[in-house]
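>>> Test case, fold it:
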Amino acid sequence: PFKELLSGYVELTQPATSRDIATLQAFTESEATVLALKALKDDFENAVLAKRISAIDILEAHPDVHLPFSQFIRILPPMRARQYSISSSSLVNPNQVSPTIFVLDAPACSGTGKRHIGIASNYLAHLIPGNKVLVIVRPSSAAFHLPVDPLVPVIMTCAGSGLAPFKGFIQEPAAQKAAGREAGKMILYFGCRTLEDDYLYTDTGLAVWKNEGVVDVRPAFSRKPEACNGCKYAQKLVIPPPSSSTFPDKL
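Residues are numbered from 1 along each chain as shown. As a prediction, the model looks like this:
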C-alpha cells in the first residue's frame, strides 16, 4: 500500500515550498538543522527552486528531522495529470493515435548525484504491447488547428518533443498529396540540441515528407550551431530566411 501510495498518488520530486520547510523545522531539535533549513528559506529561489530540492531530499540530508509519515503525506502535492499532444493525423488512421514523448532520465538539478526520472515518460517507455493505459482525450484550442483551406501555407516553430502536434499537422497534407490532392506549402523551424540528440523522425517521417515536398524543414542546433550556419535557436531562423546550406545532409 505504501509503495502504491507514493508511486501513484503523490509528487515526490516537486520542489519543497517555504511552508514545507517550516513544517520540517518544527520536527527537529537540532540547532544546526534548524539553521540549515532557515538558510534554505532565506535563499529559497536559488537554494530550493533552482535546484528543485524536494521535501524528501531535505529529509534525506537531515535525518534528525523526525517527520511522521502522516505529516509527510500531507505536505506532498497530489499527482497531477500529464498532458501530451497527439502526434498523428486521423486521415492516416482514424482508429489509432500516437504521442511523441521525451523520456526524462537525467542528473538531478540538486547536485546530489541522483537522477531525475520522469514519472509518466518512463512509465510509458516501459509499456509492452497489450498493456492498457487510462487516458482522457481533450480537444486543442480553437486556434490550434490547420486552416480549413488545405491550400493555405503553414509556418510551424517548435523545439524537441514540441514537434508532436506538428507531426500530426504534416501527416495531413502528406496524406492529401498521396491521394492526389493539392496541399499548401509547409515550413517547419525545428529547434534541437544536436543532430544526434533530439532531432526527431529524421530517418522516418520528416525525411520522407521533405523529399516528397510536403514540408521544408529548417533546424537549429543549440549545442552545435556550426551545423546550421551559427543559428542556435529556431526563432532566429525565421528572420532572415536561412540559406539552403543551413540544412544538414541527413534530412
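>>> wouldn't A39 be in contact with A47 here?
Yes: taking Cβ atoms under 8 Å as the definition, A39 is a contact partner of A47 at 7.0 Å. Where C-beta positions appear, they are placed from N, C-alpha and C, glycine not excepted.
>>> What are the phi and psi values at E182?
phi -80, psi 150 (degrees, to the nearest 10).
>>> can you map out the strands along the stretch 51-200 of the chain?
Under the criterion DSSP state E, counting those that start in this stretch, strands of the stretch 51-200 of the chain are mapped to 105-107, 115-117, 154-159, 186-192.
>>> Comparing those strands, which comes out most buried?
Here the criterion is mean neighbour count by mean count of other Cβ atoms under 10 Å, and of the strands of the stretch 51-200 of the chain the winner is strand 186-192, at a mean of 23.
>>> Pairing partners for it, with directions?
strand 154-159 (parallel), strand 216-221 (parallel) (DSSP bridges).
>>> Need the contact partners of the first one.
Contacts of strand 154-159 from elsewhere in the structure, counted by Cβ atoms under 8 Å, 6 or more residues apart in numbering, are 146-147, 166, 169, 184-192, 234-235, 238.
>>> contacting residues for the closest residue to S222 other than its chain neighbours?
With Cβ to Cβ, 6 or more residues apart in numbering as the criterion, S222 has its nearest non-adjacent residue at 4.7 Å, and that residue is K232. By Cβ under 8 Å, 6+ apart, the contact list for K232 reads A220, F221, S222, P225.
>>> And the nearest residue to M186 once chain neighbours are set aside, how far from A164?
Once flanking residues are discounted, M186 sits nearest to V215: 4.3 Å by Cβ to Cβ, 6+ apart. Distance of V215 to A164, given as Cβ to Cβ, to the nearest Å: 15 Å.
>>> likewise E11?
23 Å.
>>> higher neighbour count, those two?
Legend: neighbour count by other Cβ atoms under 10 Å for E11 and A164, higher for A164 (21 against 15).
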